[in-house]
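Novice: heads up, no residue letters with this:
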């Protein structure tokens with residue numbers, strides 16, 4: 001059942017957006033603000049937990065020993081790595097809450113928001129379908145790390161992270177470049193077996209993410 005859910009997740013997200021678009025925004029509603037704060041803080045703590053789990057999984061399977069181990073060595077059904085990755089996959093549906101509260105806050109759902117949240121669950125499943133991609137620490141670890149600060153900022157947009165908000169976007173852009181380079185490197189590394197589904201769709205998705213994040217950064221921080 002979950003197999004078909006993950007494969008159809010882009011359509012699921014599109015339907016979700018269509019449904020919430022019928023709801024009346026309530027940017028000043030106390031309960032909406034409380035729900036938005038709790039959602040973002042929950043995602044902050046969840047990102048910390050997932051980052052710790054994938055890090056432990058890499059340590060236990062000796063993947064930090066060298067670059068070849070980090071990118072090519074199997075996770076060997078490691079408990080922390082596989083369960084952390086499974087949690088990461090399902091967390092992509094929890095991220096639909098980002099779009100939900102964005103709409104209720106009377107803010108537009110940009111193409112960056114739409115395409116990113118539409119594709120992440122599908123992309124993660126492609127990296128998990130046959131087996132967990134050996135280079136997953138680069139993707140999952142970097143994503144969880146930046147999400148810690150991103151969701152913290154979303155929870156308290158006028159808090160201490162406010163003046164660093166452009167750096168959060170910069171780190172996300174850097175993350176996408178690193179992920180693209182990782183895919184290209186593993187394609188050319190000898191004896192570096194990879195999840196072919198994850199690499200193929202990752203190349204497409206991260207190219208798209210990089211374009212939209214660079215565009216967002218240019219419009220929000222450079223042009224102003």
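Specialist: Ah, there it is. Fair warning: this is a prediction, and the values are worked out from it, not measured in the lab.

Novice: What sits closest to residue 82 if chain neighbours are left out?
Specialist: residue 132 (5.9 Å; C-beta to C-beta, 6 or more residues apart in numbering). For the C-beta atoms, the positions are set from N, CA and C on the backbone; glycine is no exception.

Novice: Next up, the contacts around residue 23.
Specialist: Contact partners of residue 23, counting by C-beta atoms under 8 Å, 6 or more residues apart in numbering, are 103-104.

Novice: any idea whether it is helix, strand or coil?
Specialist: Three-state call for residue 23 (DSSP: H, G, I helix; E, B strand; the rest coil): coil.

Novice: try residue 85
Specialist: helix.

Novice: Please, which helix or strand holds the most centrally placed residue in the chain?
Specialist: Note on the chain: the residue nearest the mean C-alpha position is residue 143, at 5.1 Å, using C-alpha atoms, centre = their mean. Per DSSP states H and E, residue 143 falls inside helix 142-155.

Novice: elements contacting that helix?
Specialist: helix 30-60, helix 165-188 (3 or more C-beta pairs under 8 Å, 6 or more residues apart in numbering; DSSP states H and E).

Novice: Show me the one of those helices that comes nearest residue 69.
Specialist: The closest of the helices and strands packed on helix 142-155 to residue 69 is helix 30-60. By C-beta to C-beta, the value is 8.8 Å.

Novice: Beyond the closest one, next helix or strand please.
Specialist: Counting by DSSP H and E, the next helix or strand C-terminal to helix 30-60 is helix 67-72.
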